[in-house]
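Participant: the following block contains a protein sequence and its predicted model.
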Amino acid sequence: MNFWKSTIGQKQLVGLAGLALAGFVLTHMLGNLLILVGPRAYNEYSHALVSNPLIYAAEVGLLVFFLGHVIVAMTLQKRNWKSREVKYAVSASGDKATSPAKKSLWAQGMIILIFVVLHLITMKYGEYYTVNYGQGEIRDLHRLVVDVFHQPGYVIWYVICLVLLGIHLSHGVASSFQTLGFNHPKYTPKIKLGSCLFAAVVTAGFVVQPIYVYFLM
Amino acid sequence: MNLNLKIWRQKNSQDKGQFMEFHAKDISEDMSFLEMMDVVNEQLIKDGKEPVEFDHDCREGICGACSMVINGNPHGPDKATTTCQLHMRRFKDGDSIVIEPFRAKAFPVIRDLVVDRSAFDRIIEAGGFISASTGNAQDANCLPIAKDHADRAFSAATCIGCGACVAACKNASASLFVSAKIAHLGLLPQGQAERERRALRMVAAMDESGFGGCTNTGACSAACPKEIGQENIAMMNRDFMRSSAKNRD
Ligand code: HEM
Ligand code: FES
(Lines give C-alpha, C1' and ligand atoms only; values in the text may rest on other atoms or scores of the structure.)
(Ligands and ions follow the chains in the order given, each with its own letter.)
Protein backbone atom coordinates (compact mmCIF):
# COMPACT_ATOMS: atom_id res chain seq x y z
CA MET A 1 0.00 0.00 0.00
CA ASN A 2 1.49 3.28 -1.08
CA PHE A 3 1.18 5.76 1.78
CA TRP A 4 1.15 8.80 -0.53
CA LYS A 5 -1.71 7.42 -2.63
CA SER A 6 -3.85 6.18 0.26
CA THR A 7 -6.77 8.22 1.54
CA ILE A 8 -5.36 8.05 5.07
CA GLY A 9 -1.81 9.07 4.10
CA GLN A 10 -3.11 11.95 2.00
CA LYS A 11 -5.38 13.13 4.77
CA GLN A 12 -2.43 13.07 7.17
CA LEU A 13 -0.53 15.39 4.82
CA VAL A 14 -3.56 17.70 4.67
CA GLY A 15 -3.73 17.69 8.46
CA LEU A 16 -0.02 18.38 8.99
CA ALA A 17 0.00 21.20 6.44
CA GLY A 18 -3.25 22.53 7.92
CA LEU A 19 -1.74 22.63 11.41
CA ALA A 20 1.32 24.45 10.09
CA LEU A 21 -0.94 26.99 8.37
CA ALA A 22 -2.93 27.33 11.58
CA GLY A 23 0.30 28.23 13.38
CA PHE A 24 1.07 30.78 10.68
CA VAL A 25 -2.32 32.50 10.82
CA LEU A 26 -1.97 32.82 14.60
CA THR A 27 1.39 34.63 14.35
CA HIS A 28 0.15 36.72 11.42
CA MET A 29 -2.86 37.77 13.49
CA LEU A 30 -0.69 38.71 16.47
CA GLY A 31 1.56 40.81 14.20
CA ASN A 32 -1.46 42.64 12.80
CA LEU A 33 -2.52 43.67 16.29
CA LEU A 34 0.43 46.12 16.25
CA ILE A 35 -2.01 48.37 14.39
CA LEU A 36 -3.30 49.19 17.87
CA VAL A 37 0.19 50.29 19.00
CA GLY A 38 0.88 52.73 16.20
CA PRO A 39 2.28 53.23 12.68
CA ARG A 40 5.91 53.05 13.71
CA ALA A 41 5.68 49.76 15.59
CA TYR A 42 3.63 48.32 12.70
CA ASN A 43 6.08 49.37 10.01
CA GLU A 44 9.21 48.45 11.95
CA TYR A 45 7.82 44.97 12.69
CA SER A 46 6.99 44.46 9.05
CA HIS A 47 10.42 45.73 8.04
CA ALA A 48 12.12 43.40 10.54
CA LEU A 49 10.26 40.45 9.00
CA VAL A 50 11.04 41.18 5.36
CA SER A 51 14.66 42.17 5.97
CA ASN A 52 15.46 38.93 7.82
CA PRO A 53 17.22 36.59 5.35
CA LEU A 54 15.25 33.66 6.81
CA ILE A 55 12.12 35.19 5.31
CA TYR A 56 12.82 33.40 2.01
CA ALA A 57 12.95 30.00 3.69
CA ALA A 58 9.79 30.85 5.61
CA GLU A 59 8.01 31.97 2.44
CA VAL A 60 8.98 28.86 0.53
CA GLY A 61 7.83 26.74 3.48
CA LEU A 62 4.50 28.54 3.64
CA LEU A 63 3.97 28.18 -0.08
CA VAL A 64 4.70 24.45 0.11
CA PHE A 65 2.31 23.96 3.03
CA PHE A 66 -0.39 26.06 1.40
CA LEU A 67 -0.18 24.50 -2.05
CA GLY A 68 0.28 21.05 -0.50
CA HIS A 69 -2.82 21.52 1.65
CA VAL A 70 -4.92 22.83 -1.22
CA ILE A 71 -3.85 20.28 -3.83
CA VAL A 72 -4.03 17.20 -1.62
CA ALA A 73 -7.27 18.28 0.09
CA MET A 74 -8.93 18.89 -3.26
CA THR A 75 -7.63 15.56 -4.61
CA LEU A 76 -9.36 13.84 -1.68
CA GLN A 77 -12.44 15.98 -2.15
CA LYS A 78 -12.70 14.91 -5.80
CA ARG A 79 -12.56 11.28 -4.73
CA ASN A 80 -15.15 11.94 -2.02
CA TRP A 81 -17.55 13.46 -4.54
CA LYS A 82 -17.20 10.44 -6.78
CA SER A 83 -17.80 7.92 -4.02
CA ARG A 84 -21.56 8.58 -4.02
CA GLU A 85 -22.89 8.81 -7.56
CA VAL A 86 -26.62 8.87 -6.79
CA LYS A 87 -27.43 11.39 -4.06
CA TYR A 88 -30.06 10.93 -1.37
CA ALA A 89 -33.45 12.53 -2.01
CA VAL A 90 -33.70 13.53 1.67
CA SER A 91 -30.77 14.58 3.87
CA ALA A 92 -30.20 13.23 7.34
CA SER A 93 -31.67 15.11 10.28
CA GLY A 94 -31.08 15.32 14.03
CA ASP A 95 -28.12 13.44 15.48
CA LYS A 96 -27.35 11.68 12.22
CA ALA A 97 -26.96 14.89 10.21
CA THR A 98 -23.62 16.40 9.16
CA SER A 99 -23.31 20.12 9.89
CA PRO A 100 -23.15 22.48 6.90
CA ALA A 101 -19.78 23.73 8.19
CA LYS A 102 -18.30 20.25 7.79
CA LYS A 103 -19.94 19.62 4.43
CA SER A 104 -18.53 22.83 3.00
CA LEU A 105 -14.88 22.62 4.10
CA TRP A 106 -13.82 22.58 0.46
CA ALA A 107 -15.92 25.66 -0.39
CA GLN A 108 -14.57 27.55 2.62
CA GLY A 109 -11.12 26.56 1.37
CA MET A 110 -11.82 27.78 -2.17
CA ILE A 111 -12.91 31.19 -0.92
CA ILE A 112 -9.87 31.35 1.38
CA LEU A 113 -7.69 30.52 -1.64
CA ILE A 114 -9.18 33.39 -3.67
CA PHE A 115 -8.87 35.64 -0.65
CA VAL A 116 -5.19 34.79 -0.13
CA VAL A 117 -4.32 35.54 -3.77
CA LEU A 118 -6.16 38.88 -3.76
CA HIS A 119 -4.78 39.69 -0.32
CA LEU A 120 -1.19 39.21 -1.52
CA ILE A 121 -1.89 41.42 -4.55
CA THR A 122 -3.41 44.21 -2.43
CA MET A 123 -0.98 44.07 0.48
CA LYS A 124 2.37 42.44 -0.26
CA TYR A 125 2.47 43.55 -3.90
CA GLY A 126 0.35 46.68 -3.35
CA GLU A 127 1.31 50.37 -3.38
CA TYR A 128 4.85 50.84 -1.99
CA TYR A 129 4.72 53.96 0.20
CA THR A 130 7.85 54.72 2.18
CA VAL A 131 8.57 56.39 5.51
CA ASN A 132 11.77 57.34 7.35
CA TYR A 133 12.08 57.02 11.12
CA GLY A 134 15.74 58.09 11.06
CA GLN A 135 17.27 54.71 10.11
CA GLY A 136 16.72 54.99 6.39
CA GLU A 137 13.63 54.54 4.25
CA ILE A 138 11.37 51.60 5.00
CA ARG A 139 8.00 50.58 3.60
CA ASP A 140 5.00 52.45 5.04
CA LEU A 141 2.72 49.43 5.11
CA HIS A 142 0.59 51.11 7.74
CA ARG A 143 -0.49 53.78 5.26
CA LEU A 144 -1.51 51.19 2.69
CA VAL A 145 -3.48 49.22 5.27
CA VAL A 146 -5.29 52.34 6.43
CA ASP A 147 -6.14 53.23 2.80
CA VAL A 148 -7.41 49.74 2.04
CA PHE A 149 -9.51 49.40 5.18
CA HIS A 150 -11.27 52.67 4.49
CA GLN A 151 -13.11 50.99 1.62
CA PRO A 152 -16.33 49.54 3.08
CA GLY A 153 -16.55 46.85 0.38
CA TYR A 154 -13.09 45.58 1.21
CA VAL A 155 -13.83 45.57 4.95
CA ILE A 156 -16.96 43.45 4.41
CA TRP A 157 -15.18 40.99 2.11
CA TYR A 158 -12.28 40.74 4.57
CA VAL A 159 -14.54 40.06 7.55
CA ILE A 160 -16.55 37.41 5.66
CA CYS A 161 -13.37 35.61 4.60
CA LEU A 162 -12.00 35.61 8.12
CA VAL A 163 -15.22 34.22 9.52
CA LEU A 164 -14.92 31.44 6.92
CA LEU A 165 -11.33 30.84 8.00
CA GLY A 166 -12.58 30.60 11.58
CA ILE A 167 -15.20 28.02 10.61
CA HIS A 168 -12.55 26.07 8.69
CA LEU A 169 -10.21 26.12 11.68
CA SER A 170 -12.84 25.27 14.28
CA HIS A 171 -13.25 21.89 12.59
CA GLY A 172 -9.77 21.64 11.15
CA VAL A 173 -7.53 21.89 14.19
CA ALA A 174 -9.32 19.21 16.21
CA SER A 175 -9.79 17.12 13.07
CA SER A 176 -6.04 17.10 12.42
CA PHE A 177 -5.39 15.50 15.79
CA GLN A 178 -7.84 12.73 14.94
CA THR A 179 -6.32 12.33 11.46
CA LEU A 180 -2.84 12.03 12.95
CA GLY A 181 -4.11 9.31 15.26
CA PHE A 182 -4.67 11.16 18.49
CA ASN A 183 -7.97 10.45 20.18
CA HIS A 184 -8.44 9.92 23.89
CA PRO A 185 -11.69 10.07 25.87
CA LYS A 186 -10.14 12.49 28.36
CA TYR A 187 -8.38 14.87 25.96
CA THR A 188 -10.42 14.80 22.74
CA PRO A 189 -13.36 16.84 24.11
CA LYS A 190 -10.83 19.42 25.32
CA ILE A 191 -9.08 19.46 21.94
CA LYS A 192 -12.43 20.08 20.25
CA LEU A 193 -13.16 22.96 22.60
CA GLY A 194 -9.61 24.27 22.16
CA SER A 195 -10.04 24.11 18.38
CA CYS A 196 -13.15 26.30 18.53
CA LEU A 197 -11.49 28.74 20.93
CA PHE A 198 -8.40 28.91 18.71
CA ALA A 199 -10.57 29.62 15.68
CA ALA A 200 -12.55 32.29 17.53
CA VAL A 201 -9.38 34.01 18.79
CA VAL A 202 -7.77 33.99 15.32
CA THR A 203 -10.86 35.37 13.60
CA ALA A 204 -11.55 37.97 16.27
CA GLY A 205 -7.89 39.05 16.28
CA PHE A 206 -7.85 39.51 12.50
CA VAL A 207 -11.16 41.37 12.46
CA VAL A 208 -9.87 43.90 15.01
CA GLN A 209 -7.72 45.56 12.35
CA PRO A 210 -10.33 46.47 9.71
CA ILE A 211 -12.87 47.46 12.37
CA TYR A 212 -10.36 49.65 14.19
CA VAL A 213 -9.13 51.30 11.01
CA TYR A 214 -12.56 51.84 9.48
CA PHE A 215 -14.36 53.15 12.53
CA LEU A 216 -11.65 54.70 14.67
CA MET A 217 -8.99 56.08 12.34
CA MET B 1 -52.07 4.63 11.52
CA ASN B 2 -51.95 5.52 7.84
CA LEU B 3 -48.72 6.53 6.17
CA ASN B 4 -47.63 8.03 2.86
CA LEU B 5 -44.60 6.12 1.72
CA LYS B 6 -42.18 7.00 -1.03
CA ILE B 7 -40.13 3.89 -1.70
CA TRP B 8 -37.17 3.57 -4.06
CA ARG B 9 -37.81 1.02 -6.83
CA GLN B 10 -35.02 -0.13 -9.10
CA LYS B 11 -35.07 -3.28 -11.24
CA ASN B 12 -31.31 -3.93 -11.26
CA SER B 13 -27.98 -2.15 -11.00
CA GLN B 14 -28.31 -0.83 -14.57
CA ASP B 15 -31.82 0.56 -14.12
CA LYS B 16 -32.08 4.26 -13.28
CA GLY B 17 -34.72 3.69 -10.61
CA GLN B 18 -37.45 5.95 -9.26
CA PHE B 19 -39.68 6.48 -6.25
CA MET B 20 -43.02 4.69 -5.92
CA GLU B 21 -45.75 6.29 -3.85
CA PHE B 22 -47.68 3.98 -1.58
CA HIS B 23 -50.42 4.57 0.99
CA ALA B 24 -49.96 2.13 3.86
CA LYS B 25 -53.20 1.70 5.82
CA ASP B 26 -53.90 0.40 9.33
CA ILE B 27 -50.28 0.11 10.43
CA SER B 28 -50.01 -0.83 14.10
CA GLU B 29 -47.63 1.21 16.19
CA ASP B 30 -46.32 -2.04 17.69
CA MET B 31 -44.96 -3.21 14.36
CA SER B 32 -41.29 -2.95 13.57
CA PHE B 33 -40.35 -0.98 10.47
CA LEU B 34 -39.69 -4.24 8.61
CA GLU B 35 -43.08 -5.64 9.63
CA MET B 36 -44.63 -2.51 8.17
CA MET B 37 -42.70 -3.26 4.96
CA ASP B 38 -44.08 -6.81 5.06
CA VAL B 39 -47.63 -5.40 5.18
CA VAL B 40 -46.81 -3.15 2.22
CA ASN B 41 -45.49 -6.14 0.29
CA GLU B 42 -48.55 -8.28 1.02
CA GLN B 43 -50.73 -5.54 -0.37
CA LEU B 44 -48.51 -5.22 -3.45
CA ILE B 45 -48.70 -8.97 -4.03
CA LYS B 46 -52.52 -8.90 -3.65
CA ASP B 47 -52.61 -6.10 -6.22
CA GLY B 48 -50.55 -8.27 -8.56
CA LYS B 49 -47.47 -6.06 -8.29
CA GLU B 50 -43.85 -6.86 -7.54
CA PRO B 51 -43.08 -6.66 -3.81
CA VAL B 52 -40.32 -4.33 -2.60
CA GLU B 53 -37.02 -6.14 -2.11
CA PHE B 54 -35.20 -5.37 1.12
CA ASP B 55 -32.49 -7.12 3.13
CA HIS B 56 -33.24 -8.64 6.51
CA ASP B 57 -32.35 -11.71 8.49
CA CYS B 58 -32.26 -11.86 12.31
CA ARG B 59 -34.75 -9.04 12.90
CA GLU B 60 -33.27 -8.62 16.34
CA GLY B 61 -30.51 -6.12 15.69
CA ILE B 62 -27.53 -8.46 15.64
CA CYS B 63 -26.87 -9.64 12.11
CA GLY B 64 -26.40 -6.39 10.18
CA ALA B 65 -28.49 -7.49 7.19
CA CYS B 66 -31.20 -4.85 7.34
CA SER B 67 -30.37 -1.47 5.86
CA MET B 68 -32.52 1.33 4.34
CA VAL B 69 -32.27 5.07 4.67
CA ILE B 70 -35.45 6.37 6.27
CA ASN B 71 -36.15 10.08 5.75
CA GLY B 72 -32.45 10.61 5.12
CA ASN B 73 -31.29 8.69 8.19
CA PRO B 74 -29.60 5.29 7.88
CA HIS B 75 -31.63 2.86 10.03
CA GLY B 76 -34.11 5.65 10.72
CA PRO B 77 -34.19 8.43 13.28
CA ASP B 78 -33.25 6.56 16.47
CA LYS B 79 -29.78 6.25 17.94
CA ALA B 80 -28.27 2.79 18.43
CA THR B 81 -31.11 1.12 16.54
CA THR B 82 -31.20 -1.03 13.42
CA THR B 83 -34.12 -0.77 10.99
CA CYS B 84 -35.48 -4.11 12.23
CA GLN B 85 -35.55 -2.74 15.79
CA LEU B 86 -37.16 0.55 14.83
CA HIS B 87 -40.80 0.65 15.82
CA MET B 88 -43.72 2.32 14.10
CA ARG B 89 -44.65 4.15 17.32
CA ARG B 90 -41.76 6.42 16.35
CA PHE B 91 -44.03 7.76 13.56
CA LYS B 92 -47.39 9.54 13.56
CA ASP B 93 -50.59 8.96 11.64
CA GLY B 94 -50.38 10.75 8.29
CA ASP B 95 -46.56 10.94 8.25
CA SER B 96 -44.70 10.90 4.96
CA ILE B 97 -41.73 8.53 4.94
CA VAL B 98 -39.11 8.45 2.20
CA ILE B 99 -37.31 5.10 2.00
CA GLU B 100 -34.07 4.86 0.02
CA PRO B 101 -31.30 2.28 -0.27
CA PHE B 102 -27.85 2.89 1.25
CA ARG B 103 -26.13 5.00 -1.38
CA ALA B 104 -22.46 4.59 -2.21
CA LYS B 105 -20.52 3.82 -5.36
CA ALA B 106 -18.98 0.86 -3.52
CA PHE B 107 -22.47 -0.44 -2.60
CA PRO B 108 -24.27 -0.77 -5.96
CA VAL B 109 -28.03 -1.27 -5.78
CA ILE B 110 -28.98 -4.83 -6.70
CA ARG B 111 -32.72 -4.29 -6.59
CA ASP B 112 -35.02 -1.79 -4.84
CA LEU B 113 -33.57 -1.35 -1.33
CA VAL B 114 -31.03 -4.16 -1.54
CA VAL B 115 -27.41 -3.11 -2.08
CA ASP B 116 -24.32 -5.20 -2.70
CA ARG B 117 -22.14 -4.91 0.40
CA SER B 118 -19.55 -7.46 -0.69
CA ALA B 119 -16.93 -4.71 -0.68
CA PHE B 120 -16.93 -5.22 3.10
CA ASP B 121 -16.20 -8.92 2.60
CA ARG B 122 -13.26 -8.07 0.35
CA ILE B 123 -11.88 -5.76 3.04
CA ILE B 124 -12.19 -8.51 5.65
CA GLU B 125 -10.54 -11.00 3.30
CA ALA B 126 -7.61 -8.61 2.94
CA GLY B 127 -6.71 -8.81 6.62
CA GLY B 128 -9.63 -8.76 9.02
CA PHE B 129 -8.75 -12.07 10.61
CA ILE B 130 -6.15 -13.86 12.69
CA SER B 131 -4.26 -16.70 11.05
CA ALA B 132 -4.19 -19.48 13.61
CA SER B 133 -3.66 -23.17 13.33
CA THR B 134 -6.66 -24.97 14.70
CA GLY B 135 -6.37 -27.07 17.80
CA ASN B 136 -7.47 -26.78 21.37
CA ALA B 137 -8.07 -23.28 22.61
CA GLN B 138 -5.35 -22.41 25.07
CA ASP B 139 -6.06 -21.62 28.69
CA ALA B 140 -7.52 -18.12 28.81
CA ASN B 141 -5.34 -17.22 31.79
CA CYS B 142 -2.20 -17.70 29.66
CA LEU B 143 -3.09 -14.55 27.75
CA PRO B 144 -3.13 -11.56 30.04
CA ILE B 145 -5.23 -8.72 28.55
CA ALA B 146 -5.57 -5.34 30.23
CA LYS B 147 -9.18 -4.64 31.22
CA ASP B 148 -9.45 -1.43 29.20
CA HIS B 149 -8.01 -3.17 26.12
CA ALA B 150 -10.52 -5.97 26.51
CA ASP B 151 -13.35 -3.45 26.85
CA ARG B 152 -12.28 -1.42 23.84
CA ALA B 153 -11.73 -4.54 21.72
CA PHE B 154 -15.14 -5.80 22.74
CA SER B 155 -16.86 -2.55 21.90
CA ALA B 156 -15.18 -2.46 18.46
CA ALA B 157 -16.17 -6.11 17.97
CA THR B 158 -19.85 -5.25 18.35
CA CYS B 159 -19.75 -3.96 14.74
CA ILE B 160 -22.31 -5.96 12.77
CA GLY B 161 -20.98 -4.78 9.40
CA CYS B 162 -24.30 -3.29 8.30
CA GLY B 163 -22.73 -0.41 6.36
CA ALA B 164 -24.74 2.39 7.96
CA CYS B 165 -21.44 4.24 8.51
CA VAL B 166 -20.89 4.33 4.75
CA ALA B 167 -24.50 5.34 4.13
CA ALA B 168 -24.29 8.19 6.65
CA CYS B 169 -20.93 9.60 5.56
CA LYS B 170 -20.93 12.56 3.19
CA ASN B 171 -17.95 10.86 1.50
CA ALA B 172 -19.38 7.31 1.64
CA SER B 173 -16.27 6.40 3.60
CA ALA B 174 -15.87 2.95 5.15
CA SER B 175 -13.44 4.21 7.80
CA LEU B 176 -15.59 3.33 10.79
CA PHE B 177 -16.17 -0.26 9.65
CA VAL B 178 -12.52 -0.87 8.74
CA SER B 179 -11.24 0.78 11.90
CA ALA B 180 -13.59 -1.27 14.07
CA LYS B 181 -12.01 -4.45 12.69
CA ILE B 182 -8.48 -3.08 12.99
CA ALA B 183 -9.10 -1.99 16.59
CA HIS B 184 -10.93 -5.15 17.58
CA LEU B 185 -8.02 -7.38 16.48
CA GLY B 186 -5.20 -4.92 17.15
CA LEU B 187 -6.10 -4.47 20.81
CA LEU B 188 -5.82 -8.17 21.60
CA PRO B 189 -2.61 -10.21 21.96
CA GLN B 190 -3.74 -12.67 19.28
CA GLY B 191 -3.90 -9.86 16.75
CA GLN B 192 -0.38 -8.50 17.21
CA ALA B 193 1.54 -10.72 14.79
CA GLU B 194 -0.43 -9.49 11.79
CA ARG B 195 -1.22 -6.01 13.06
CA GLU B 196 0.96 -4.05 10.64
CA ARG B 197 0.15 -6.08 7.58
CA ARG B 198 -3.53 -5.93 8.50
CA ALA B 199 -3.61 -2.12 8.57
CA LEU B 200 -1.84 -1.83 5.22
CA ARG B 201 -3.92 -4.45 3.46
CA MET B 202 -7.32 -3.52 4.83
CA VAL B 203 -6.79 0.16 4.05
CA ALA B 204 -5.64 -0.76 0.54
CA ALA B 205 -8.75 -2.90 0.02
CA MET B 206 -10.93 -0.08 1.37
CA ASP B 207 -9.42 2.44 -1.05
CA GLU B 208 -9.63 0.04 -3.99
CA SER B 209 -13.34 -0.54 -3.41
CA GLY B 210 -14.11 3.10 -4.18
CA PHE B 211 -15.10 4.34 -0.73
CA GLY B 212 -14.30 7.98 0.03
CA GLY B 213 -11.83 9.28 2.59
CA CYS B 214 -12.58 10.39 6.15
CA THR B 215 -13.33 14.05 6.93
CA ASN B 216 -13.87 13.34 10.65
CA THR B 217 -17.46 14.59 10.62
CA GLY B 218 -18.53 11.84 13.05
CA ALA B 219 -21.75 11.13 11.12
CA CYS B 220 -20.79 7.43 10.96
CA SER B 221 -20.70 6.97 14.74
CA ALA B 222 -24.00 8.84 15.06
CA ALA B 223 -25.66 6.45 12.60
CA CYS B 224 -23.97 3.30 13.91
CA PRO B 225 -26.52 0.97 15.53
CA LYS B 226 -23.73 -0.24 17.83
CA GLU B 227 -22.37 3.26 18.53
CA ILE B 228 -18.82 2.37 17.46
CA GLY B 229 -16.68 5.40 18.33
CA GLN B 230 -14.33 7.72 16.47
CA GLU B 231 -11.50 6.49 18.70
CA ASN B 232 -11.22 3.44 16.44
CA ILE B 233 -10.61 5.59 13.37
CA ALA B 234 -7.76 7.37 15.18
CA MET B 235 -6.28 3.97 16.01
CA MET B 236 -6.53 2.92 12.37
CA ASN B 237 -4.82 6.16 11.30
CA ARG B 238 -2.05 5.50 13.84
CA ASP B 239 -1.59 1.86 12.83
CA PHE B 240 -1.57 2.77 9.16
CA MET B 241 1.00 5.53 9.61
CA ARG B 242 3.28 3.34 11.72
CA SER B 243 2.95 0.34 9.42
CA SER B 244 3.65 2.44 6.32
CA ALA B 245 6.83 3.79 7.89
CA LYS B 246 8.03 0.30 8.89
CA ASN B 247 6.88 -1.48 5.74
CA ARG B 248 9.75 -3.34 4.01
CA ASP B 249 7.93 -4.28 0.79
C1 HEM C 1 -4.66 29.41 5.92
C2 HEM C 1 -5.53 28.67 5.36
C3 HEM C 1 -5.96 27.28 5.79
C4 HEM C 1 -5.83 26.63 6.99
C5 HEM C 1 -5.19 27.16 8.27
C6 HEM C 1 -6.43 25.33 6.84
C7 HEM C 1 -6.50 24.35 7.84
C8 HEM C 1 -7.10 23.12 7.69
C9 HEM C 1 -7.06 22.06 8.66
C10 HEM C 1 -6.31 22.11 9.98
C11 HEM C 1 -7.80 21.03 8.16
C12 HEM C 1 -8.10 19.70 8.85
C13 HEM C 1 -7.23 18.60 8.30
C14 HEM C 1 -7.54 17.27 8.93
O15 HEM C 1 -8.69 17.00 9.26
O16 HEM C 1 -6.62 16.46 9.13
C17 HEM C 1 -8.32 21.42 6.89
C18 HEM C 1 -9.11 20.63 6.08
C19 HEM C 1 -9.45 20.96 4.79
N20 HEM C 1 -9.03 22.07 4.08
FE21 HEM C 1 -8.00 23.63 4.83
N22 HEM C 1 -6.93 25.20 5.57
C23 HEM C 1 -6.64 26.37 4.90
C24 HEM C 1 -6.92 26.65 3.58
C25 HEM C 1 -7.54 25.80 2.72
C26 HEM C 1 -7.70 26.02 1.31
C27 HEM C 1 -7.20 27.24 0.56
C28 HEM C 1 -8.38 24.93 0.82
C29 HEM C 1 -8.84 24.58 -0.59
C30 HEM C 1 -8.92 25.30 -1.61
C31 HEM C 1 -8.66 24.05 1.90
C32 HEM C 1 -9.38 22.90 1.80
C33 HEM C 1 -9.58 22.00 2.82
C34 HEM C 1 -10.38 20.79 2.70
C35 HEM C 1 -11.15 20.33 1.47
C36 HEM C 1 -10.30 20.14 3.94
C37 HEM C 1 -10.97 18.83 4.32
C38 HEM C 1 -10.15 17.67 3.84
C39 HEM C 1 -10.85 16.36 4.09
O40 HEM C 1 -11.31 16.13 5.20
O41 HEM C 1 -10.97 15.55 3.20
N42 HEM C 1 -8.12 24.60 3.05
N43 HEM C 1 -7.86 22.69 6.61
S1 FES D 1 -32.24 -7.88 10.41
FE2 FES D 1 -30.48 -8.48 11.56
S3 FES D 1 -29.83 -6.55 12.30
FE4 FES D 1 -31.70 -6.03 11.35
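Facilitator: Cool, got the structure. Numbering: from 1, shown residues only, chains lettered A, B, ... in the order given. Ligands and ions are numbered 1, 2, ... in the order given.

Participant: need phi/psi at the residue of chain B most remote from its centre.
Facilitator: Counting by C-alpha atoms, centre = their mean, the extreme residue of chain B relative to its mean C-alpha position is B:Cys142, 34.3 Å from that point. Main-chain torsions, B:Cys142, degrees, to the nearest 10: phi -80, psi -10.

Participant: so how far is chain A from B:Gly186?
Facilitator: Separation of B:Gly186 from chain A (C-beta to the nearest C-beta, to the nearest Å): 12 Å. To be clear about C-beta, it is placed using only N, CA and C from the backbone, and glycine gets the same treatment.

Participant: quick one, what contacts that residue?
Facilitator: Each residue near B:Gly186 by C-beta atoms under 8 Å, 6 or more residues apart in numbering or on different chains is listed here: B:192, B:195, B:198-199, B:235, B:239.

Participant: TSV for these, including distance to B:Thr83 and pLDDT?
Facilitator: What follows is the contacts of B:Gly186, written out as TSV (distance: C-beta to C-beta, whole Å; pLDDT from 0 to 100):
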residue	distance to B:Thr83	pLDDT
B:Gln192	36	95
B:Arg195	34	97
B:Arg198	30	97
B:Ala199	31	97
B:Met235	28	98
B:Asp239	32	98
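
Participant: closest to B:His75 among these?
Facilitator: Top of the list for closeness to B:His75, among these and by C-beta to C-beta, is B:Met235 at 24.4 Å.

Participant: that closest one - how many residues pack around it?
Facilitator: 21 (other C-beta atoms under 10 Å in any protein chain shown).

Participant: SS state for it?
Facilitator: Look at B:Met235: counting by DSSP: H, G, I helix; E, B strand; the rest coil, its state is helix.

Participant: residues contacting it?
Facilitator: Here B:Met235 is in contact with A:181, A:183, B:179, B:182-183, B:186 (criterion: C-beta under 8 Å, 6+ apart).

Participant: widest-spaced pair of the contacts of B:Gly186?
Facilitator: Farthest-apart pair in those is B:Gln192 and B:Met235; separation 13.7 Å (C-beta to C-beta).

Participant: about what we covered before: which of the contacts of B:Gly186 ranks first by neighbour count?
Facilitator: Going by other C-beta under 10 Å, B:Ala199 tops the contacts of B:Gly186 with 28 neighbours.

Participant: thought that residue was touching B:Phe240?
Facilitator: Yes - under the criterion of C-beta atoms under 8 Å, B:Ala199 makes contact with B:Phe240 at 4.7 Å.

Participant: what residues sit buried inside the host helix or strand of B:Asn4?
Facilitator: B:Asn4 belongs to strand B:3-9 when assigned by DSSP states H and E. The neighbour-count check on strand B:3-9 (16 or more other C-beta atoms under 10 Å in any protein chain shown) flags B:3, B:5-9 as buried.

Participant: which bits of chain B sit near ligand 1?
Facilitator: With C-beta under 6 Å from any ligand atom as the criterion, chain B meets ligand 1 at residues B:213, B:215-216.

Participant: let's see it at 8 Å
Facilitator: B:171, B:213-216 (C-beta under 8 Å from any ligand atom).

Participant: what about the helices in the chain?
Facilitator: Here I'm looking at chain A. Remark: helices assigned in chain A by DSSP state H are A:7-32, A:39-51, A:54-82, A:100-103, A:105-119, A:141-148, A:152-179, A:188-216.

Participant: wait, chain B
Facilitator: Using DSSP H, the helices of chain B run over residues B:33-46, B:118-127, B:147-157, B:164-168, B:175-186, B:195-208, B:219-223, B:231-246.

Participant: and chain B, which residues reach ligand 2?
Facilitator: By C-beta under 8 Å from any ligand atom, the part of chain B that sits against ligand 2 consists of B:34, B:55-66, B:82-85, B:160, B:162, B:225.

Participant: any regions of chain A where pLDDT drops low?
Facilitator: Within chain A, the ranges that satisfy pLDDT under 70 run A:1.

Participant: quick check, the residue in it closest to ligand 2?
Facilitator: Closest contact between chain A and ligand 2, by C-beta to the nearest ligand atom, is at A:Lys96 (17.0 Å).

Participant: isn't that residue up against B:Ala222?
Facilitator: Yes - contact criterion C-beta under 8 Å: A:Lys96 and B:Ala222 qualify, at 4.9 Å.

Participant: find residues that contact each of those two.
Facilitator: B:Ala168.

Participant: out of the two, which sits in the busier spot?
Facilitator: A:Lys96 (26 against 21).

Participant: do you know how far that one is from B:Arg117?
Facilitator: 19 Å (C-beta to C-beta, to the nearest Å).

Participant: closest point of chain B to ligand 1, which residue?
Facilitator: Closest point on chain B to ligand 1, by C-beta to the nearest ligand atom, is B:Thr215, at 3.4 Å.

Participant: and that residue, its phi and psi?
Facilitator: phi -110, psi 10.

Participant: that older thread, show me which of the residues of chain B next to ligand 2 are buried.
Facilitator: In those, burial by neighbour count holds for B:34, B:55-56, B:59, B:61, B:63-66, B:82-85, B:160, B:162, B:225, counting by 16+ other C-beta under 10 Å.

Participant: and A:Asn2, how many neighbours?
Facilitator: As a burial measure, A:Asn2 scores 11 neighbours (other C-beta under 10 Å).

Participant: contact partners for B:Glu21?
Facilitator: B:Glu21 touches B:4-6, counting by C-beta under 8 Å, 6+ apart.
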